[in-house]
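>>> my questions are about this predicted structure, shown below with the sequence.
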Amino acid sequence: MSDQQYVIIGSEYSPFSVKVRSYFRYKKIPHEWRPRTLETQAEFQKYAKLPLIPLILGPDETVWQDSTPIIETFEEKFPDPALQPPSAVLGYLSCLIEDYGDEWVNKPMFHYRWWRPEDQEAVSRGLARAVNPKGDREAQDQLADTIRTRMVPRLRFVGSSEKTKDVIEASFDSLLSLLAKHLEARKYLFGGRPSLGDFGLFAQIYCCLQQPTTAKILKQGYPEITDWIDRMLNPKAEQGWEDWSTLAPTLEPLIRKQIGDIYLPWSLANEQAILGGEDEFSLDLMDQEFSQKSVKYAAKSIHVLRSRLADTADREELDKILDHCGCLQPLLSQS
């Protein structure tokens, strides 16, 4: 590592690692991508404060973890090119989409990864090769079995079950349809350059290309999305930002149907469960009951969204858009 270079310890199979790596590439921040393997495990454990990737190691051995705070920290260090549209309205919507990507789109990514035997086998073998690239076939097979045995039961943490899988899969189908329509006329979510929302959303969908079921769905039906993913692997500021007037016809339906109808109601119900000390919660989503274990981190996320909204100046237009999309009330609610 050079004196001015950062190290990203992560995994190709971790959407949050890929999210940060693409951000570093966009900002042209000098860095080394160092996959977390058996060989780098000791280094990771030496520096990690949390058992989470990505881990950013600075030249002075300062450590950062958690993808969104990492990006927020480095945005202060490397402000150019701009990550967010200059419009406060679009900037907030970008934050909202990033949060939705992290907290909701992670569900179908993880669900499809570990639900069907075909995907379980493909991903566990891919992860085993990534973690132990120098291992022989027997060692990799044993590691794949261990990974599969450990990860499949964790489906419950994202709310994936026989009762909820139809909601998770239908929400993903709807997202792809809405996103493809929006990307027909532009390279990135808010115009000719990537935003925070792009990084949060792209990373989850990128990882869906690693599992056979969702890879087939994406490659056979959504070239606009796979082209966007290719761009987001090494994103560039190619053109300017659009105005809401040109974005609204296709971005508004995405925000309304995915965030207003699904993500924020789920987030609010989760927050209420956390505040009430409940281990599980349920609500109606897409005309079906959706139940899962409560998630502390997601409760923090909606609090951050509220704080961002409260700090936004001249909110008349933003509140109107959020209200029309069914997002305003959950963001104003104080449970």
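Received, thanks.
>>> so where's the chain shaky on pLDDT?
Residue ranges of the chain with pLDDT under 70: 1-3, 334-335.
>>> walk me through the domains of it.
What automatic domain parsing lists as the domains of the chain is 6-77, 88-113+165-332.
>>> report the central residue of the protein.
The chain has Asp102 as the residue nearest its centroid, 3.2 Å off, counting by C-alpha atoms, centre = their mean.
>>> that one - nearest residue in space that isn't next to it in sequence?
The shortest distance from Asp102 to any non-neighbouring residue, by C-beta to C-beta, 6 or more residues apart in numbering, is to Gly200 (5.4 Å). Bear in mind the C-beta positions are built from the backbone N, C-alpha and C, glycine included.
>>> so who does that neighbour touch?
By C-beta atoms under 8 Å, 6 or more residues apart in numbering, the contact set of Gly200 is Lys19, Thr68, Ile97, Glu98, Asp99, Tyr100, Gly101, Asp102.
>>> helix or strand: which one has the residue nearest to the fifth one when sequence neighbours are not counted?
Using C-beta to C-beta, 6+ apart and skipping residues adjacent in sequence, the residue nearest Asp99 is Ser301, 5.4 Å away. Using DSSP states H and E, the secondary-structure element containing Ser301 is helix 296-311.
>>> which stretches in the stretch 201-335 of the chain count as helices?
212-221, 223-233, 244-254, 264-275, 296-311, 316-324, 328-332 (DSSP state H, counting those that start in this stretch).
>>> and the ones you listed, which is most packed in?
Ranked by mean neighbour count under mean count of other C-beta atoms under 10 Å, these are led by helix 264-275, which reaches a mean of 21.
>>> that helix vs helix 296-311, what angle?
Orientation of helix 264-275 against helix 296-311 (axes from the mean of the first three to the mean of the last three C-alpha atoms, to 10 degrees) gives an angle of 110 degrees.
>>> quick one: contacts of helix 264-275?
Here helix 264-275 has contacts from 103-104, 279-283, 285, 290, 294-296, 298-299, 301-303, 326-327, 330-331, 333, 335, using C-beta under 8 Å, 6+ apart.
>>> if we can go back for a sec, now find how far off-centre the helix holding Ser301 is within its chain.
16 Å (C-alpha atoms, centre = their mean, to the nearest Å).
>>> counting by contacts, list what it packs against.
helix 88-100, helix 264-275, helix 328-332 (3 or more C-beta pairs under 8 Å, 6 or more residues apart in numbering; DSSP states H and E).
>>> for Leu155, find the nearest of those helices.
helix 264-275 (16.4 Å; C-beta to C-beta).
>>> and that closest one with helix 88-100, angle?
Going by the same axes, to 10 degrees, helix 264-275 makes 60 degrees with helix 88-100.
>>> got a list of what Leu305 touches?
Cys95, Leu96, Asp99, Leu331.
>>> dump the residue contacts of the last one.
Neighbour list for Leu331: Leu264, Ile302, Leu305, Arg306, Leu309, Leu322 [criterion: C-beta under 8 Å, 6+ apart].
>>> quick check: it vs Asp136, distance?
As judged by C-beta to C-beta, to the nearest Å, Leu331 and Asp136 stand 53 Å apart.
>>> what does the second one give?
Going from Leu96 to Asp136 by C-beta to C-beta gives 47 Å.
>>> please name the nearest non-neighbouring residue to Leu175.
Closest residue to Leu175 apart from its sequence neighbours, by C-beta to C-beta, 6+ apart: Gln258 at 5.6 Å.
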